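S.K.: everything below, folded, please.
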Amino acid sequence: MTELNLPFNQPTILDKIVAQTREDLVQKKKRHSAADFRSFQLYEAPRRDFKAGLRKEGCIRVIAEVKKASPSKGIIREDFDPVRIAAQYDEAGAAAISVLTEPHFFQGDLAYLGQIRPEVSVPLLRKDFIVDFYQIEEARAAGADAILLIATVTSGAQLSELLHAAKEAGLQCLVECYSRDEFEALRFSEVEVVGVNNRNLKTFEVDLHRGLSLLAEAPNEVVKVSESGLSTPHDIETVLEYGVDAALIGEHFMRQPHPGDALKRLTENFS
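M.R.: Below you'll find the predicted structure:
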């Protein structure tokens, strides 16, 4: 049975990931306190400006993703070398690199951030399921410049609290929404970079225009990122028509023989 066929009230794949993340946190906190991370070498390293590189008039900027697997697709890339792939992205002109660090469902690893950081010049986004302040300190100690915050997995004032904690830690945030309700609930005075995932979490279908319509409603001062389902020059042209600043692209690049060359081909007429 896949997650798409689960009966009503059964946990979704997102529920399972968040539950596993919370279990992992219990064990992690036994090994290191949040305060311990301040003694890690990379904690004191200067941060790279994630937001600044995502907006360039008339151009599409790309957050290129390093991702081995996903819950819905399984292994995406067998020949997976995160450092080599990230270096290709950097050389090909990526504005930033998104690094999957969730281990159980995406086969990511927090250590990838520290391995990639000295080999590239662009900011690194930790893409994971951030539900606890502890993970923010952990991300900084691992070498991230920014983190993904998913509105869907937060409740009440938690998103605002995590945004505040990230700012205190010197990390920028990409706030990701899946629905209009989540988007309209955002306090844009707190959000510098907003992303809308074009994928429907219930059906896993991708609708590029649904996400772009929401992003068009974001305030001008907020950087807008389209996520999921972009793979063709026509997709990039459409994104630009909606005034979107950047695209987060992972699976398309990871399925190409040379991800860096794929990035160049996709953006050569839009950068």
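
S.K.: top helix in this structure by residue count?
M.R.: helix 13-31 (DSSP state H).

S.K.: show me what it is packed against.
M.R.: When contacts are defined as 3 or more CB pairs under 8 Å, 6 or more residues apart in numbering; DSSP states H and E, helix 13-31 sits against helix 133-142. In short, each C-beta sits where N, CA and C put it, glycine included.

S.K.: let's go with 10 Å and repeat that
M.R.: Contacts defined by 3 or more CB pairs under 10 Å, 6 or more residues apart in numbering; DSSP states H and E place helix 13-31 against helix 133-142, strand 146-150.

S.K.: nearest to H258, of these?
M.R.: Across the helices and strands packed on helix 13-31, H258 has its closest neighbour in strand 146-150 (25.8 Å, CB to CB).

S.K.: now for that closest one, which elements pack on it?
M.R.: Using 3+ CB pairs under 10 Å, 6+ apart: strand 146-150 touches helix 13-31, strand 96-100, strand 124-127, helix 133-142, helix 158-168, strand 172-177, strand 193-197.

S.K.: columns distance to L214 on top of the ones you listed, output as a markdown table?
M.R.: Below are these laid out as a markdown table (distance: least, CB to CB, whole Å):
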| stretch | distance to L214 |
| --- | --- |
| helix 13-31 | 19 |
| strand 96-100 | 20 |
| strand 124-127 | 20 |
| helix 133-142 | 26 |
| helix 158-168 | 17 |
| strand 172-177 | 7 |
| strand 193-197 | 5 |
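
S.K.: which of those sits closest to G74?
M.R.: helix 13-31 (12.7 Å).

S.K.: now the helix or strand just after the closest one: how far from the chain's centre is it?
M.R.: Of the helices and strands lying after helix 13-31 in sequence (DSSP states H and E), the nearest is strand 61-66. Remark: strand 61-66 is offset 9 Å from the chain centroid, using CA atoms, centre = their mean, to the nearest Å.

S.K.: C-terminal to strand 61-66, what's the next element?
M.R.: strand 69-70.

S.K.: list of residues touching that next one?
M.R.: Applying CB atoms under 10 Å, 6 or more residues apart in numbering, the contact partners of strand 69-70 are 13, 75-78, 80, 100, 102, 105-108, 250-251, 254.

S.K.: wait, isn't Q115 in contact with G143?
M.R.: Yes - contact criterion CB atoms under 10 Å: Q115 and G143 qualify, at 8.6 Å.

S.K.: related to what we said a few turns ago, now intersect the contacts of strand 69-70 with the helices, please.
M.R.: Short answer: these in helices (DSSP H) are I13, E251, M254.

S.K.: for stretch 200-209, list every residue counted as buried.
M.R.: L208 (16 or more other CB atoms under 10 Å).

S.K.: any idea how far it is from the middle of the chain?
M.R.: Distance of stretch 200-209 from the chain centroid (CA atoms, centre = their mean) equals 17 Å.

S.K.: what's the straight distance from one end of it to the other?
M.R.: For stretch 200-209, the separation between the terminal residues is 12 Å (CA to CA, to the nearest Å).

S.K.: check stretch 238-257 too.
M.R.: For stretch 238-257, the first-to-last residue distance is 26 Å (CA to CA).

S.K.: name the nearest residue to S160, ignoring sequence neighbours.
M.R.: E190 (5.9 Å; CB to CB, 6 or more residues apart in numbering).

S.K.: actually R255, not the one I typed
M.R.: In space, and not counting its chain neighbours, R255 is closest to I76: 6.4 Å by CB to CB, 6+ apart.
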